[in-house]
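>>> need a 3D model of the sequence below.
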Amino acid sequence: MNPNPHNIQLVAVDMDGTFARSDYTYDIPRFKDILARMAAVGCRFVVASGNQYHQLRSLFPDDAHELSFVAENGALVMDQEELLFAADIKEEAIMRVLSFCKEYPEIKNVMCGFNSAYCERGKVSEDFFNLTNIYYHKLKWVDDFSQVDDRILKFAPTVPVEKTTYYCELFGENLQGMLVPTSSGHGSIDLIIPGCHKAAGLQKLVQRWGITPEQCVAFGDGGNDLEMLKYCGLSYAMANAPDEIKKSASYVCPSNDEDGVLVTLDKLFPK
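Next comes the predicted model:
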């Protein structure tokens, strides 16, 4: 059996800007080799992302059944093939978001449900729908969000990039704690149930597996990774991450386009 000198039992990776390269590829043979070495020492691999579970699974066509997922920024947690947790936003909070977004037409809102994500006809363009489809493989057009019959996990509004911070603050003021805005930057905001973030999702897996946060490693590059980076005993910010994220991590590793996660895991789980 390979050594596990750090006694690492869980590795959590963000996807966009962290594990995946800018062209959304990764070194599949190298990953498979590392995954086998991790499995040999009882360490699990967790994909922790703001993206939809169905999209994340599709990136690992051969290995998804072996992986666990903290999707939708912690709103959905899968222990391999088993659903462990799904958030459920209250109707009052849903109506508050919909009312707020109507006042600001430049907000392009996506409603993220358990069964599918949704875009409203007439509110966003076909191009926006197609772009969103990259991150939400189950995506439907609806005439009115208020008529959607689904368990709502989160909202994912897109705003002008230069107004990201402005809208985060505005959402925070308007929602008054019913939902909390978190952002990975670039105009993308997630509105999530308070305390329902990536670290909370990891905590559910940690408790179920009988391990400790000190036995966990996290990799991330954005504001929605901060809780996760602080929660895990060992954390790596990507070289492409903002300084704020780098300061919150134990170490900085090479960028996503330099395969920084795999480079680091090769060292943590040597052949």
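
>>> which stretches of the protein have low pLDDT?
Counting by pLDDT under 70, the chain has low-confidence residues at 1-3, 5, 184-185.

>>> what are the ranges of the helices in it?
28-40, 53-58, 91-103, 126-135, 164-175, 198-209, 226-231, 243-248, 260-268 (DSSP state H).

>>> what are the contacting residues of the second one?
Think helix 53-58. By Cβ atoms under 8 Å, 6 or more residues apart in numbering, the residues outside helix 53-58 that reach it are 15, 47, 49, 64, 69, 71-72, 76, 78, 134-138. C-beta here means a position set from N, CA and C on the backbone, and glycine is covered the same way.

>>> got JSON lines for the helices of the chain, with mean neighbour count and distance to Leu191 too?
Listed next are the helices of the chain as JSON lines, based on neighbours: other Cβ atoms under 10 Å; distance: least, Cβ to Cβ, whole Å:
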{"stretch": "helix 28-40", "mean neighbour count": "16", "distance to Leu191": "32"}
{"stretch": "helix 53-58", "mean neighbour count": "19", "distance to Leu191": "18"}
{"stretch": "helix 91-103", "mean neighbour count": "15", "distance to Leu191": "6"}
{"stretch": "helix 126-135", "mean neighbour count": "13", "distance to Leu191": "15"}
{"stretch": "helix 164-175", "mean neighbour count": "16", "distance to Leu191": "6"}
{"stretch": "helix 198-209", "mean neighbour count": "21", "distance to Leu191": "15"}
{"stretch": "helix 226-231", "mean neighbour count": "22", "distance to Leu191": "16"}
{"stretch": "helix 243-248", "mean neighbour count": "14", "distance to Leu191": "21"}
{"stretch": "helix 260-268", "mean neighbour count": "19", "distance to Leu191": "28"}
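
>>> tabulate those (a markdown table), appending distance to Cys119.
Shown next, in a markdown table, are the helices of the chain (distance: least, Cβ to Cβ, whole Å):
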| stretch | distance to Cys119 |
| --- | --- |
| helix 28-40 | 31 |
| helix 53-58 | 15 |
| helix 91-103 | 12 |
| helix 126-135 | 5 |
| helix 164-175 | 18 |
| helix 198-209 | 24 |
| helix 226-231 | 28 |
| helix 243-248 | 30 |
| helix 260-268 | 31 |
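
>>> give me every residue that touches the nearest residue to Lys246 once chain neighbours are set aside.
For Lys246, ignoring the flanking residues on the chain, the nearest one in space by Cβ to Cβ, 6 or more residues apart in numbering is Ala237 at 4.4 Å. Shown in contact with Ala237 (Cβ under 8 Å, 6+ apart): Gly220, Asp221, Leu229, Ile245, Lys246, Ser248, Ala249, Tyr251, Val252, Cys253.

>>> nearest residue to the spatially most central residue of the chain other than its sequence neighbours?
Nearest residue to the geometric centre of the chain (Cα atoms, centre = their mean): Ser49, 1.6 Å. Leaving aside its sequence neighbours, Ser49 sits nearest to Met15 (Cβ to Cβ, 6+ apart; 4.1 Å).

>>> my guess is the one you found contacts Val47. True?
Yes - between Met15 and Val47 there is a contact at 6.3 Å, judged by Cβ atoms under 8 Å.

>>> quick check: neighbours shared by these two?
By Cβ under 8 Å, 6+ apart, Met15 and Val47 have these common neighbours: Leu56, Leu59.
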